[in-house]
Each structure stands twice: as C-alpha cells, then as structure tokens.
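Trainee: here is my input, please return the structure:
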Amino acid sequence: MKKIILISTLIVCNISIHSQNLEDIDRKKISIYEYGIPITSCECNFENLLNNWNKWVTNHEETMLLSYEYIEQLQDMERISHYANLMYNWNSTGFNKSGNNGVKNGTYFREFNLVPVSFSEIIENIPKEIVKDSVKMIAARHSIEEEIAGMRKNFLQNVQLGDKVYLLKFKTKTKIYDYYVVCLNENNKIVPFDFLFDIKEQWGKLKKINY
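Mentor: Reported below is the predicted structural model:
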C-alpha cells in the first residue's frame, strides 16, 4: 500500500510540468483535481489537489488536507458494492461549502470555505425547533436517508471494474476524516460526482487573479 504525505514525488506523472494560465483553460471552469500538471495517471489528480488546496480553499488552516493513499483497483462487483456502502452511509464524509467572490475597488476577491462533516453530524446539528418536533425530525432523517441511497445508486451505476480507489485524510481541530475517492480507469479522471470534484475555478475576464 502506497501512502503519500504532503511532500510527494511526481514520478508517476508526466514530469513536463507547466503552470496553466488563463489562456490554457480559456476562462472555463476547471476541477481542483485537474488544474496543474496534465492528468497522465490517477496520482496526478492528487498532486494537483495537494498543490491547489492552500490556494483554492480559504480555510485551509482549519480544514487541512493531510495525505492521499492508493487503496486498490476494483476487481469485482462485490468490491464495488462494498465501497458504495462504505462511502455513502451515516458516518461517511461529506463537505459543507460556503463562500463568495467578486470585484471590489478593481481587485478580484475570492473566498471558499470547506468543512468535512458526516451525515450523523448533520443530523446532530439540526435546529432545536426541528429536534423538538418528532414529525419534522422523522422527515429530516428520511430526507437524508433518501439522499444517501441516491448517491449510493449513482455510484453503482457509474463506477466500473478496473477503477481505482484512493483514501484522502483531512484534519480539523477536533477530528481526522477519511474520504474515499474513485479514479476512472478509462481516462485517469476522478468520478464527476465526487464532492471535491465540484470545487472549480470560475475564471472571469480579468487578466490577473490574486489570491
């Protein structure tokens, strides 16, 4: 089992690293996994993730990305079902996202905050007025259970034999979170329904972006 902590090598990636600029991406949205070195292997996604984390995530000191680790290649449907259940249950990790961006006094500003959270923690922090109402509480639990079941179904429909599983570790002040990621064997890209895949830069018409 191979584990890579923050300082890691790029041996498995194409070493002809080039920093993508506004012209490279043609002012389009691009995933946090794909901005940086070309995606010539699954590991390149995570090198980009590590390199982009402190630049793209405003509260990176609060939500720290510790490491990534290759787990296994999916060889049968039993393993696919295993990860569908492991990645989508009450204790699995998701993320709360918040932020804003715009232009102030001619300067571009961007804020993006990301906090890992399990579905159990979500239900634990439901407003008191809902907790006190048993009908609303049952409805809230049912809603989350439906969401979990839907994500599990989506996983089973899209993940295929040969795809690879990786484990990311995040740390907050109170807890270390395990977060599993699937890389598609056919193109070395992260599944598009991954929570972190949705972290994208929206490059506007400004020629210079300041972090």
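
Trainee: ok, how many other residues are close to Leu65?
Mentor: The local packing of Leu65 (other CB atoms under 10 Å) involves 21 other residues. In short, each C-beta sits where N, CA and C put it, glycine included.

Trainee: list the contacts of it.
Mentor: Going by CB atoms under 8 Å, 6 or more residues apart in numbering, Leu65 touches 6, 49-50, 53, 168-170.

Trainee: now the helices for this structure?
Mentor: 22-25, 42-56, 77-87, 119-124, 128-131, 134-158 (DSSP state H).

Trainee: closest one to Lys189 among these?
Mentor: helix 42-56 (7.1 Å; CB to CB).

Trainee: so which elements touch that closest one?
Mentor: With contacts taken as 3 or more CB pairs under 8 Å, 6 or more residues apart in numbering; DSSP states H and E, helix 42-56 sits against strand 64-73, strand 164-171.

Trainee: note down every partner strand of the last one and its orientation.
Mentor: It refers to strand 164-171. Strand 164-171 has the following strand partners under DSSP bridges: strand 64-73 (antiparallel), strand 176-183 (antiparallel).

Trainee: kindly export the longest one (C-alpha atoms) in PDB.
Mentor: Once side chains and other backbone atoms are set aside, the C-alpha atoms of strand 64-73 remain, and they are given as PDB (Å, rounded to 0.1, in the frame of the first residue of the first chain):
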ATOM      1  CA  MET A  64      -6.100  20.600   6.500                       C
ATOM      2  CA  LEU A  65      -5.500  18.100   3.700                       C
ATOM      3  CA  LEU A  66      -3.000  15.600   5.200                       C
ATOM      4  CA  SER A  67      -2.400  12.900   2.600                       C
ATOM      5  CA  TYR A  68      -3.600  10.600  -0.100                       C
ATOM      6  CA  GLU A  69      -3.200   6.800  -0.300                       C
ATOM      7  CA  TYR A  70      -3.800   4.300  -3.000                       C
ATOM      8  CA  ILE A  71      -6.100   1.500  -1.700                       C
ATOM      9  CA  GLU A  72      -7.000  -0.900  -4.500                       C
ATOM     10  CA  GLN A  73      -8.300  -1.500  -8.000                       C
END
